[in-house]
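> Quick one, what's the 3D model for this:
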Amino acid sequence: MTRVLVTGSTGNVGREVVRALRSRGIERTEAKIDFRDRRTFAGVEGADALFLLRPPAIADVKATLLPFVDEARRRGVRHVVFLSVAGAEKNALVPHHAVERHLMAGDGWTILRPGFFAQNFGDAYRRDIVDDARVIVPAERGLVAFVDVRDVAEIAAQAFASPAEHDRRAYTLTGPEAIDFETAAALLSEALGRSIRYDRASILRYVLHLRARGMPWAQIAVQTILHAGLRLGQAERVDPTLERLLDRRPRTLREYFADHRDTWALTAR
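Here you go, the predicted model:
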């Protein structure tokens, strides 16, 4: 495998994948791909591997990601590493499900199913933390085995370095411990030296909150489904796969907070 195209290369996950590829000396190619504009799909030309990430704003993958995968195959991409979500294989309500099924119809794929990212605190939850000193989600007391994007990116790089070893494999990737959002807020408070509280929102209040933040309805639906599922224990299982693949203990949420304190600086509003 010589040249990898990383979609979403400037985002939280993409940046770490690029960094992991660079550390292994794996070459990558760059192209601006707009999944809603098929004219941009030609940008995959010259790549023989693809890191595929679904942008949060895209819910209709049948009209976007699936045609892109087909075009990438047609233009010579031999291996696709897809960033899915934990449980997508059983949940047809999340867009990742259809992408997984499409990839599994052929060869040359690796599916990564991470649980909730530690980095959500620095992205999806950041504004509420900085502006209101709170984390607001409809998770009740559900436990979450938060996983660090940096660890997931290392597994993506492994798959590109040794595609035959990881071909037609789907990995559920979690952090090393399951905690609730009350504990997570306490850990963040400890790291920042100021109080951050957990606001246990109802599903309706969460939907209205996201809408007030300007989020599109399709994205709100996906976010709500994923977070409400935490009440049912959908993200509480600590899976040993990540530790086995890394050959070390995965990073903890406490480590993520310690490494990224500046993310929630009040001066960065």
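> who's in contact with stretch 13-23?
4, 6-9, 27-28, 51, 53, 83, 117, 119, 149-150, 152-154, 156-157, 160 (CB atoms under 8 Å, 6 or more residues apart in numbering). Bear in mind the C-beta positions are built from the backbone N, C-alpha and C, glycine included.
> T2 and V77, how far apart?
For T2, the distance to V77 equals 12 Å [CB to CB, to the nearest Å].
> Which of these two has more residues huddled nearby?
V77 (22 against 12; other CB atoms under 10 Å).
> helices or strands next to the helix or strand of the chain with the lowest mean pLDDT in the packing?
Lowest on mean pLDDT, DSSP states H and E among the helices and strands of the chain sits helix 217-228, with a mean of 90. With contacts defined as 3 or more CB pairs under 8 Å, 6 or more residues apart in numbering; DSSP states H and E, the packing partners of helix 217-228 are helix 203-212.
> now the helix it packs on and helix 217-228, what's the angle there?
140 degrees (axes from the mean of the first three to the mean of the last three CA atoms, to 10 degrees).
> Remind me what helix 203-212 packs against, helices and strands.
strand 134-137, helix 217-228.
> contact partners of it?
So helix 203-212 is contacted by 136-138, 201, 217, 219-220, 223-224, 227-228 (CB under 8 Å, 6+ apart).
> what's the closest of the helices and strands packed on helix 203-212 to E45?
Taking CB to CB, helix 217-228 is the member of these nearest to E45, at 30.1 Å.
> what does the helix or strand following that closest one contact?
On the C-terminal side of helix 217-228, the nearest following helix or strand under DSSP states H and E is helix 241-246. With contact meaning CB under 8 Å, 6+ apart, helix 241-246 is reached by 147, 151-152, 154-155, 158, 171-176, 249-250.
> Can you tell me which of these are buried?
Buried subset of those (neighbour count, 16 or more other CB atoms under 10 Å): 147, 151-152, 154-155, 158, 171-176, 250.
> Name the nearest of those residues relative to F41.
Nearest to F41 among the buried ones among the contacts of helix 241-246, with distances taken as CB to CB, is V152, at 25.5 Å.
> show me what contacts the residue nearest to the closest one when sequence neighbours are not counted?
Here the nearest residue to V152 in space, its sequence neighbours aside, is P114; by CB to CB, 6 or more residues apart in numbering that works out to 5.0 Å. Shown in contact with P114 (CB under 8 Å, 6+ apart): 83, 85-86, 147, 149, 152, 172-174.
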